[in-house]
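Chemist: Generate a structure from the sequence data that follows.
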Amino acid sequence: MANNRLFDDIVQWDIANWKRAIEFWNESIDINDIQGKKILELGANKGGLSLYFALNGGEVVCSDYIPETIDEEEYWKEAKKLHKKYGVDKRITYRNIDACKINQKEMFDIITFKSVCGAVGRNGNISNQKEMFAGIYQALKSGGCLLFCDNLSGTKLHRMMRSKFSKAYKNGWEYLNYNKFDSLLDEFFIQYKSFGLFACFIKNKYLNKFFGKIDKFLEHLTVPEKRYIVSCIAYKDKPKFR
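Modeler: Below is the predicted model of the structure:
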C-alpha cells in the first residue's frame, strides 16, 4: 500500500479521497501481485497511475492523446521526471494514444485511468464514452480488467461550485451519473464504490487533507450518489472474487 507522500505524486489533489478510491481496487485485485503484467494507462498526463503500477512490478504503457501541434518529448517531460525520481522509468514506455481509438486486441492485462470520462464525453458526447469502453474491452486480454476512478456529477452544491470555478465544467466536461454510468460498461462484470464530499472545494493542501478525513466519516451518513468520485473494477470475464 502506498503512503500518503507517494500519493501526493500519484493523484496531486484531494489525496485522502482519491487514495481511498484507488485502494478500493485492492478489494478484488491484488495490486501487490502484478509482477510482469502488461498495463496501459489512458489519459496519463503526468503519469501518476503509471507510477503506481510500475512500483508494484507492472510493465506499463503510459499514454495520452497528444495533438500534432505539441512536441511529444516535451509533453512527457514531467512524467518521465516523476518516474525517474522513483526509479521505475525502465518499466514504463510512453505513447500517443487516443482513448477512443486504442485499436488493440487482447494486448493488456490491466487498463487504468483517472478523470478521463469527462473529457472524452465533453459537450454531451456520450457515444465517445461508449466507444472508449468498447475499445478497452477489446484491448484487454481474457481475464483482464479495467481499473478506473472518475468524477461524478455529485450534488447540486458540486454542480454550482463547478459552474463558478471549474475550467473543465466550463469546457463542457461530462460528469458521470452514479445511477447511470454502469450502462456504459454493459460488456463488463463490474463492482464500484463512491467517495468524497467536501474536500474537493478546499484548495489549501493541509485543510484539504483535514476535510478528506471528515469526508471519510460523513460517508457513513450519506447516500453513494451524493459523493463526487466513483471507483470501479470492471472485469472482461466473470471474476472469481478473492
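Chemist: in this structure, which spans are strands?
Modeler: Remark: strands assigned in the chain by DSSP state E are 38-41, 59-64, 92-96, 108-114, 140-151, 189-195, 229-235.
Chemist: now those strands in a markdown table, with distance to residue 53, mean neighbour count and mean pLDDT?
Modeler: Glycine gets a C-beta too; all of them are placed from N, C-alpha and C. What follows is those, written out as a markdown table (distance: least, CB to CB, whole Å; neighbours: other CB atoms under 10 Å; pLDDT from 0 to 100):
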| stretch | distance to residue 53 | mean neighbour count | mean pLDDT |
| --- | --- | --- | --- |
| strand 38-41 | 5 | 25 | 98 |
| strand 59-64 | 5 | 24 | 98 |
| strand 92-96 | 9 | 17 | 98 |
| strand 108-114 | 7 | 23 | 97 |
| strand 140-151 | 9 | 21 | 96 |
| strand 189-195 | 19 | 19 | 96 |
| strand 229-235 | 14 | 23 | 97 |
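Chemist: Tell me which of those approaches residue 169 most closely.
Modeler: strand 140-151 (9.9 Å; CB to CB).
Chemist: Could you list every helix and strand in contact with the closest one?
Modeler: Using 3 or more CB pairs under 8 Å, 6 or more residues apart in numbering; DSSP states H and E, the elements in contact with strand 140-151 are helix 15-23, strand 108-114, helix 117-120, helix 126-139, strand 229-235.
Chemist: rewinding a little: let me have the strands of the chain in TSV, extended by distance to residue 74.
Modeler: As requested, these are exported to TSV (distance: least, CB to CB, whole Å):
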stretch	distance to residue 74
strand 38-41	19
strand 59-64	13
strand 92-96	12
strand 108-114	22
strand 140-151	27
strand 189-195	34
strand 229-235	31
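Chemist: out of those strands, which comes closest to residue 159?
Modeler: strand 140-151 (11.4 Å).
Chemist: circling back: among the strands of the chain, which is nearest residue 71?
Modeler: Nearest of these (CB to CB): strand 92-96, 11.1 Å.
Chemist: Output the closest one as PDB, nothing but the C-alphas.
Modeler: Output in PDB follows, covering the C-alpha atoms of strand 92-96 (Å, rounded to 0.1, in the frame of the first residue of the first chain):
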ATOM      1  CA  ILE A  92       7.500   2.500 -18.400                       C
ATOM      2  CA  THR A  93       7.100   3.300 -22.100                       C
ATOM      3  CA  TYR A  94       5.300   6.400 -23.500                       C
ATOM      4  CA  ARG A  95       2.900   6.500 -26.300                       C
ATOM      5  CA  ASN A  96       0.400   8.800 -28.000                       C
END
